[in-house]
Each structure stands twice: as structure tokens, then as C-alpha cells.
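Colleague: With the sequence up front, the predicted model follows.
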Amino acid sequence: MVARPAPARALTAEAVEFVRFCYARRRVGWPELYDEMCAVAGRGLFRGWGPDDLAQHGIGFGLSEMAHLGSEVCQIVAEDRARAKAVGTLAAAAATA
């Protein structure tokens, strides 16, 4: 018998907000951000949601889900960093104009 990973669920908009919330609390990369996400979920610091609530939105903390979660989280963080950099560049250009 071959073990197969569970199919990855797409993250909901609320799950993306959760990732951003965790990243705002502790601006670190993967896998340190995973530790922060576990801590936030364990304490219910995001909307009172625990791991089971987050699983309904596509955030799974199991070992079989870690590769997918890491990929999604890194993409969200990279997009947010790029957006922040673009806003900073525009603000600097406007200040010098």
C-alpha cells in the first residue's frame, strides 16, 4: 500500500488574513512563521479560532500538509513584501517630485 498525502485545500480569504496576522506579529520566514502560526492557533488569538477552525479554511498543521502550507505562506509573504516595497517606492518618488 502506498501512502498518499491528503489533497491540499485552497486557502480561503480568511486563511490568508490569518497568515498576514501571524506575519505582522512576528516578521520571520518559514519555518519560524509556522511556529508563530501554531502559537496563534493554539491560543485562539485570531478571531478566537483554533486549529480545527483554521482547518475549515485550508490551514492544516499536520506533517502531511506542511509542504503545501509552507508554499502558500511563502507566496503570501512574498506578495505582501513586494506590495509594501512598491508602495514605499511610490511614496519616495512622490516626496521627491
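Modeller: Looks like it came in fine.

Colleague: What residues of stretch 38-46 count as buried?
Modeller: Of the residues in stretch 38-46, 40-41, 45-46 count as buried by neighbour count, 16 or more other C-beta atoms under 10 Å. (Each C-beta comes from the backbone N, C-alpha and C, glycine too.)

Colleague: I meant stretch 68-83, not that one.
Modeller: For stretch 68-83, the neighbour count (16+ other C-beta under 10 Å) marks 68-69, 72-73, 76-77 as buried.

Colleague: chain center to that stretch, what's the gap?
Modeller: Put simply, stretch 68-83 sits 7 Å off its chain's centre (C-alpha atoms, centre = their mean, to the nearest Å).

Colleague: And stretch 11-20, by the same measure?
Modeller: How far stretch 11-20 lies from its chain's middle: 6 Å, per C-alpha atoms, centre = their mean.

Colleague: So for it, what gets flagged as buried?
Modeller: Neighbour count says stretch 11-20 has 11, 14-16, 18-19 buried, by 16+ other C-beta under 10 Å.

Colleague: Pull the distance from the longest helix belonging to the chain to the chain's centre.
Modeller: With DSSP state H setting the assignment, residue counts place helix 66-96 as the longest helix in the chain. Counting by C-alpha atoms, centre = their mean, helix 66-96 is centred 13 Å from the centre of its parent chain.

Colleague: which secondary structure elements does it contact?
Modeller: helix 13-25, helix 32-43 (3 or more C-beta pairs under 8 Å, 6 or more residues apart in numbering; DSSP states H and E).

Colleague: pLDDT (mean, whole number) over it?
Modeller: Helix 66-96 carries an average pLDDT of 85.

Colleague: Compute the inter-axis angle for it and helix 13-25.
Modeller: An angle of 70 degrees separates the directions of helix 66-96 and helix 13-25 when computed by axes from the mean of the first three to the mean of the last three C-alpha atoms, to 10 degrees.

Colleague: coming back round to it: go through the buried residues of stretch 38-46 and say which is closest to Leu33.
Modeller: For the buried residues of stretch 38-46, the minimum distance to Leu33 (C-beta to C-beta) is 10.2 Å, reached by Val40.

Colleague: picking up where we left off before, can I get the buried residues of stretch 11-20 in CSV including distance to Ala82?
Modeller: Output for those, formatted as CSV (distance: C-beta to C-beta, whole Å):
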residue, distance to Ala82
Leu11, 18
Glu14, 22
Ala15, 20
Val16, 15
Phe18, 20
Val19, 15
